[in-house]
Structures are given as structure tokens and as C-alpha cells.
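>>> Compute the structure for the input listed below.
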Amino acid sequence: MTQKLALVTGSNKGIGNAICKALALRYSGSHFARSSPASSQGPTPLLILCTARNPALGTAAVEKLREEIEAKDASALKNGLTELRFEQLDINDEQSRLRMKGVVEKLGGLDLLVNNAG
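Just a heads-up that it's a prediction; the model follows:
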């Protein structure tokens, strides 16, 4: 089964963090899954790449997001529809952007980009 890929920049706090949370809750709640085109394989999973410049802050933010999401909907991240993953990205650094380009290509390309950093 193919997955959809969302990338949210600047997601360790504020608006980017809230967008990651909203995407995870909304998608795992199957609203999008139910409204997506019918498939014999069921809904398409969504991988949300939450990015930030600082790896420690980004990793901590994703862990906190997981806890908040599971507190709101215990099955949200366990139903196989949504996965949150931290990836370090400094949009001001060319090497970091090129590394992220490779990650995205390896995962099959972007379906959703939220360019929040900056």
C-alpha cells in the first residue's frame, strides 16, 4: 500500500506544531480516509515529516505531539493511518535542504508541503 507524504517545516513549536497535530488527528480520525477515493486496499496511510532546525527540540516536540494526540484519541497513531516522524531540516542550509530532498525522493515524493519555517 502506498502512503501519502506531508512535510511541515518549523514544526517544533507554534503554528507548525499545531499543523502537525491537526493533520495527525484529522487524518487518523479517518475523515480523509473515508472521503478519499475507494480502494480495495482501504485508506492510504499518511506519513507526516515534522521538521525543525534543532534536532533535540524537534525530537522532543514530536514525542510531546505523540503524547498529546494519544491523550485525545488513543487509537490515532495505532490504527496505521498516520505516522509522525522527525527529520532535521535547516531551510537556510543548502546541505540540509539537499539531504531532505533525498529523504523525500526516497519516500516517493511530496503530497503536501507546509512551508512554515522562517
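>>> mind listing the helices for the protein?
Along the chain, counting by DSSP state H, helices occupy 14-28, 31-35, 55-72, 94-106.
>>> Looking at the ones you listed, which one is packed in the most?
Compared across the helices of the chain, helix 14-28 shows the largest average neighbour count, a mean of 19 (mean count of other C-beta atoms under 10 Å). In this view, the C-beta of every residue, glycine as well, is placed from N, C-alpha and C.
>>> hmm, back to that, for Leu113, find the nearest of the helices of the chain.
Closest to Leu113 of the helices of the chain, according to C-beta to C-beta: helix 94-106, at 9.2 Å.
>>> Let me see the mean pLDDT of stretch 62-77.
Mean pLDDT, computed over stretch 62-77, is 86.
>>> swap that for stretch 97-110, sorry
Mean pLDDT, stretch 97-110: 97.
>>> contacts for it?
Stretch 97-110 is contacted from outside by Thr2, Gln3, Leu5, Ala6, Leu7, Leu47, Leu49, Thr51, Glu87, Leu89, Ile91, using C-beta atoms under 8 Å, 6 or more residues apart in numbering.
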